[in-house]
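Enquirer: From the sequence below, what's the structure:
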Amino acid sequence: MKTRIRRMTGITLSLGLALSSLSPTVFGEGARNFSDVSGHWASASIETWMARGVVAGLSDGTFGPDKPMSRAEFAAVVNRVLGFEKKASVNFADVAPGAWYASDMLKAKEAGYIEDSGQGAKPKEGLNKQAAVAMLAKAFGIATTDVTARMNGMPTLAAASANHTLTRAEVLALLDKLVAGYGAKWLETAADGSGIHRVINKGGTTLGYSSASGVGVIQADGHAFKDMNRNGELDGYEDWRLEADKRAVNLASQMTVEQIAGLMLYSAHQSIPGSATAKYNGKTLAEGGAKSSDLTDDQKKFLIQDNLRHVLITTVESPEVAARWNNNVQALVEGEGLGIPANNSSDPRHTTVPSTEYNAGAGGKISMWPETLGLAATFDPELTEQFGEIAAKEYRALGITTALSPQIDMATDPRWSRFNGTFGEDSLLATDMARAYVDGFQTSTGRDEIEGGWGYGSVNAMVKHWPGGGSGEGGRDAHFSYGKYAVYPGDNFAEHLLPFVNGAFKLEGKTGMASAVMPYYTVSYNQDTVNEENVGNSYNEYLITELLRTKYGYDGVVTTDWGITKDSGPTPDTFSGRPFGVEQLSEAERHYKVIMAGVDQFGGNNEAGPIIEAYAIGVKEHGEAFMRKRFEQSAVRLLKNIFRTGLFENAYVNIENTVEVVGNPDYMTAGYEAQLKSVVMLKNKDNVLPLKAKSTVYIPKKFYPETVGWFNNVTPAKTDYPVNLDVVRKYFNVTDNPAEADYGLVIITNPDTGVGYSKADLAAGGNGYVPISLQYGTYKADQARETSIAGGDPLEKFTNRSYKGKSVTASNIKDLESVLDTQKAMNGKPVIVSVLTDNPLVMKEFEGAADAILVNFGVQDQALMDLMSGKSEPSGLLPMQMPKDMETVEKQFEDVPHDMAVHVDSEGNAYDFAFGLNWKGVIQDARTAKYGK
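Expert: Residues are numbered from 1 along each chain as shown. Take a look at the predicted model:
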């Protein structure tokens, strides 16, 4: 039996991230990065307190170990070491209210170690030895002789006169000895404002726990450990010295079936705060009584009653609110059962707000980067890895430890609506980008590393979608039953696996492989060569157990895509459940089939009941021992991803750190530079770009047609400028009269012809299936298949999903008209076209009317202006082919890349994969040599 440690009085350690009030500090630099620390006699002490976030470097990039420490800096350090938070009501006479140290001087006065003698605190002056001894004795509650005794190991300081001014190094070294003098190998914090304690183990890890959870601290071998199950003993899973695998096995063996079932849940989408109808203690947020960071009633239910521990976060009010919400979640679940923390996750959240102005040195809500397809357009895996590293830091500061990304499907059908979320159609580029992205997210280094590259800076990467979702027949998407079939007319199934097996599963970093995989909704039609089942990928034992786990040796977490076990809706275009191929089974039977296929977790499910029912089904078929072993197998996989990210030790987020890290200026700059590198210049006739400074441009307004979202949310039509004119005016003069303009600038988006399914066609007697076109003008699918490759659905009485002979027109055809009208209005003067695109598109409709064409995949307006003005040079390359026409689109195979005839422009350039221009002409560099076809 291990004894519970007594709370140490007078020696609590406060862990504010850094001296956030110290204006002369630079944050985020480890002590070893300072040249004036390496080899210094006090380097060990400096590194210790730097690691604990108590002190940082100076604004000149040095640490300044031998520079005097001011009385204000001393107060700030002591306050953080000893957890002093209470403030006096009146400050010292010589402390200005707005001074950076005003708050710390109030705390020092209240704590009583700096007394108000009427002479002021003299905050800017240095601190002599005599005053330091007196202050430290009062602060620690010990005798002055105890303080001077600690100086014995510091000969220079011990021999110094009483008037000697202490240096920064001397103060930190003395603090190190004072703290060590208490004999423990660990120190516990005073609870912060939200009741969170932190415990520092010397030479070990930092623990965090909430006063409200009932969890305490136990000791073994002089170290502190969280007593997460509150039994007074050190269980294997509570011992941070053990490997994650061993801890996971120990914990899984202690879990009930109900607890494992909860672990196998992944929540439906959760916004912070909840939706307008979400209830907080029975009331909506608008009705009052709750904070944006509070948990909704539904969240409390699935966390407590259903034991759910994986939460998908969507929109957040602010980084600070997200961080506080995380801490509230962790405090709640820490007090439940075995104390398993929540593993919060996010879909990609770093996309741009185009109208937002970029200002060097300014921060934002979160760093903004191009879409995944834009990262692909850089053809730069190192940049993608940098994105992963930065995004991981921002995620961890928000309380997010799993990224539901990257999307590494090969986008081999150009019509797919999720094309822009991929790294494009090329398997080699997608493989390299997948590897870099996952390495960036998952790898911890230095003090952040716990074991094997994993640690406190790591974010689990859930790669998607196994075995590839980019070959939907006709380009339709499998979020709906009309797009449930992935087809392989080119017999190219194996290539779609390469970004997984050669990329995400073969990392260069120490974590080795992506920690989680998500199969897509699709039925990979006729690819099950063993059982010959045409069922959704997560239901398919061949795809999960035989192929993924056995052939390719993957033993990480497999999580279904969201909502696959719910019932389908009444029509193929209803956004609802996706039990493709198993519609006849009950919900519990679907869960059982997924589990037996080798999957560990159910995306979008908040209720544990069906999993518990599935367990009972398995017990009847295979016996209790078999099912218990199977459940523990999944539990171990899921728990490892929580252990490896350090959540069991400290799942709490430091709010000051969140504010400091998320969207900080350096990260905003990195994202903006990536945006610039992602833009592709396709055409530059007569070197019309870059434009001359203060040229006059005419920008026509853009018509935005009405759109209907997945949840039938309607965005009404409007006409407006497609760019922030305030941004444009910083580069060029703007006119609404083409006659006054030097150039026309038309900003458009790729053609939108719908999803490939039409209620109107169905009502008119058709089968509901219509073409997806990549051109603006009316397209009639005369070259389409007579008979679809795949078909059959309980909602349909036919199996042929062909759309041959049917026509569609882009809802945004006015974009095309705008280009052509502007060409006429400019009367021979140059026209520049900027295209924001999610897919390849047929360029021949407007290319001849444009003198210059820029293609982007989600950038800020300012990035386009920087490129058009010549402040930056285009360097992006096409991560896809631009088709010659829709006939070649119809003839290409959905599963084969690079199989279209491409557009050739008026300058003789073919818009093929890896094509792009810079100011000198066609780009030919190491990227095109490696990836070009």
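Enquirer: drop to CA atoms for contacts and neighbour counts, all remaining ones
Expert: Fine.
Enquirer: any idea how far the spatially closest residue to K177 that is not a sequence neighbour lies from A169?
Expert: Using C-alpha to C-alpha, 6 or more residues apart in numbering and skipping the chain neighbours, the partner closest in space to K177 is R150 (6.0 Å). Plainly put, R150 is 15 Å away from A169 if you go by C-alpha to C-alpha, to the nearest Å.
Enquirer: Same question for I196.
Expert: Distance from I196 to A169, by C-alpha to C-alpha: 30 Å.
Enquirer: Of these two, which one has the most company?
Expert: A169 (23 against 20; other C-alpha atoms under 10 Å).
Enquirer: So that one is in contact with D66, correct?
Expert: Yes. Using C-alpha atoms under 8 Å, A169 is in contact with D66, at 6.2 Å.
Enquirer: for the stretch 201-350 of the chain, what spans make up the helices?
Expert: Secondary structure of the stretch 201-350 of the chain (DSSP state H, counting those that start in this stretch): helices at 244-254, 257-263, 297-304, 319-334.
Enquirer: between the ones you listed, which one is nearest to Y209?
Expert: helix 319-334 (7.3 Å; C-alpha to C-alpha).
Enquirer: List the contacts of the closest one.
Expert: Under the criterion C-alpha atoms under 8 Å, 6 or more residues apart in numbering, residues 209-210, 212-213, 215, 228, 272, 292-295, 303-304, 316, 339-342, 365, 397-399, 651-655, 658-659, 662 lie in contact with helix 319-334.
Enquirer: In strands only, show me those.
Expert: Y209, S210, I272, V316 (DSSP state E).
Enquirer: which of the residues you listed lies closest to T351?
Expert: Proximity of the ones in strands among the contacts of helix 319-334 to T351 (C-alpha to C-alpha) peaks at V316, which lies at 14.2 Å.
Enquirer: Show me what that closest one bridges to in the sheet.
Expert: Under DSSP bridges, the beta-bridge partners of V316 are I272.
Enquirer: State the distance from it to N654.
Expert: Using C-alpha to C-alpha, V316 is found at 17 Å from N654.
Enquirer: and what of D380?
Expert: Separation of D380 from N654 (C-alpha to C-alpha) stands at 33 Å.
Enquirer: now swap in N713 and tell me
Expert: Look at N713 and N654: by C-alpha to C-alpha, they are 37 Å apart.
Enquirer: Between the two, which has more neighbouring residues?
Expert: The neighbour comparison of N713 against N654 (other C-alpha under 10 Å) goes to N654, with 20 against 9.
Enquirer: shaky segments in the stretch 301-450 of the chain?
Expert: 357-363 (pLDDT under 70).
Enquirer: Would you map the strands across it?
Expert: 310-316, 343-346, 402-403, 449-451 (DSSP state E, counting those that start in this stretch).
Enquirer: Partner strands of the second one and their direction?
Expert: Strands adjacent to strand 343-346 in the sheet, as given by DSSP bridges, are strand 310-316 (parallel), strand 402-403 (parallel).
Enquirer: quick check, distance from that strand to the centre of its chain.
Expert: Centroid separation for strand 343-346 versus its chain: 9 Å, with C-alpha atoms, centre = their mean, to the nearest Å.
Enquirer: Residues in contact with that strand: which ones?
Expert: So strand 343-346 is contacted by 309-314, 399-404, 642, 647 (C-alpha under 8 Å, 6+ apart).
Enquirer: what helix or strand does D726 sit in?
Expert: Assigned by DSSP states H and E, D726 falls within helix 725-728.
Enquirer: Could you pull up the mean pLDDT of the following helix or strand past that helix?
Expert: Proceeding N to C from helix 725-728, the next assigned helix or strand is strand 733-735, under DSSP H and E. Averaged over strand 733-735, pLDDT sits at 98.
Enquirer: which other helices and strands contact strand 733-735?
Expert: If contacts are counted by 3 or more C-alpha pairs under 8 Å, 6 or more residues apart in numbering; DSSP states H and E, strand 733-735 sits against strand 696-698.
Enquirer: need the next SSE after the strand it packs on, C-terminal direction.
Expert: Next along from strand 696-698, by DSSP H and E: strand 702-704.
Enquirer: which helices and strands does that following strand pack with?
Expert: strand 718-720, helix 814-826.
Enquirer: A131 versus the residue of the chain most remote from its centre, what's the distance?
Expert: No residue in the chain sits farther from the centre than S161, which is 54.7 Å out by C-alpha atoms, centre = their mean. Taking C-alpha to C-alpha as the measure, S161 falls 12 Å from A131.
Enquirer: List buried members of the contacts of helix 319-334 by neighbour count.
Expert: 209-210, 213, 215, 228, 272, 292-295, 303-304, 316, 339-342, 365, 397-399, 651-655, 658-659, 662 (16 or more other C-alpha atoms under 10 Å).
Enquirer: Point out where the protein drops to low pLDDT.
Expert: Within the chain, the stretches with pLDDT under 70 are 1-33, 141-142, 180-187, 189-191, 202-203, 357-363, 710-711.
Enquirer: Can you give me the buried ones in the lengthiest helix in it?
Expert: Using DSSP state H, we find that the single longest helix of the chain is helix 624-643. Neighbour counts over helix 624-643 (16+ other C-alpha under 10 Å) mark 627-628, 630-643 as buried.
Enquirer: Same question for stretch 656-672.
Expert: For stretch 656-672, the neighbour count (16+ other C-alpha under 10 Å) marks 657-672 as buried.
Enquirer: Tell me which entries of those residues lie within helices.
Expert: Short answer: these in helices (DSSP H) are 657-661, 665-672.
Enquirer: coming back round to it: could you dump the strands of the stretch 301-450 of the chain into JSON lines with distance to V619 added?
Expert: Listed next are those as JSON lines, based on distance: least, C-alpha to C-alpha, whole Å:
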{"stretch": "strand 310-316", "distance to V619": "26"}
{"stretch": "strand 343-346", "distance to V619": "29"}
{"stretch": "strand 402-403", "distance to V619": "32"}
{"stretch": "strand 449-451", "distance to V619": "37"}
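Enquirer: wait, which of these is closest to G765?
Expert: strand 310-316 (39.8 Å).
Enquirer: In the closest one, which residues are buried?
Expert: For strand 310-316, by 16+ other C-alpha under 10 Å, it's H310, V311, L312, I313, T314, V316.
Enquirer: Pull the contacting residues for the first one.
Expert: I take that to be H310. Each residue near H310 by C-alpha under 8 Å, 6+ apart is listed here: L263, L265, Y266, S267, A342, N343, N344, S345.
Enquirer: beta partners of it?
Expert: N343.
Enquirer: And the helices in the stretch 401-550 of the chain?
Expert: With DSSP H, counting those that start in this stretch as the criterion, the stretch 401-550 of the chain has helices spanning 427-442, 498, 541.
Enquirer: So which of those is the most surrounded?
Expert: helix 427-442 (a mean of 27; mean count of other C-alpha atoms under 10 Å).
Enquirer: chain center to that one: distance?
Expert: The answer for helix 427-442 is 15 Å, by C-alpha atoms, centre = their mean.
Enquirer: Dump that helix to PDB, keeping only the CA atoms.
Expert: In PDB, the C-alpha atoms belonging to helix 427-442 read as follows (Å, rounded to 0.1, in the frame of the first residue of the first chain):
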ATOM      1  CA  SER A 427       0.200   9.000 -55.500                       C
ATOM      2  CA  LEU A 428       3.800  10.000 -55.000                       C
ATOM      3  CA  LEU A 429       3.000  13.600 -54.100                       C
ATOM      4  CA  ALA A 430       0.200  12.400 -51.800                       C
ATOM      5  CA  THR A 431       2.500   9.900 -50.200                       C
ATOM      6  CA  ASP A 432       5.200  12.400 -49.400                       C
ATOM      7  CA  MET A 433       2.800  15.000 -48.200                       C
ATOM      8  CA  ALA A 434       1.000  12.500 -46.000                       C
ATOM      9  CA  ARG A 435       4.200  11.400 -44.400                       C
ATOM     10  CA  ALA A 436       5.300  15.000 -43.700                       C
ATOM     11  CA  TYR A 437       1.900  16.100 -42.400                       C
ATOM     12  CA  VAL A 438       1.700  13.200 -39.900                       C
ATOM     13  CA  ASP A 439       5.300  13.700 -38.800                       C
ATOM     14  CA  GLY A 440       4.600  17.300 -38.100                       C
ATOM     15  CA  PHE A 441       1.500  16.700 -36.000                       C
ATOM     16  CA  GLN A 442       2.700  13.700 -34.000                       C
END
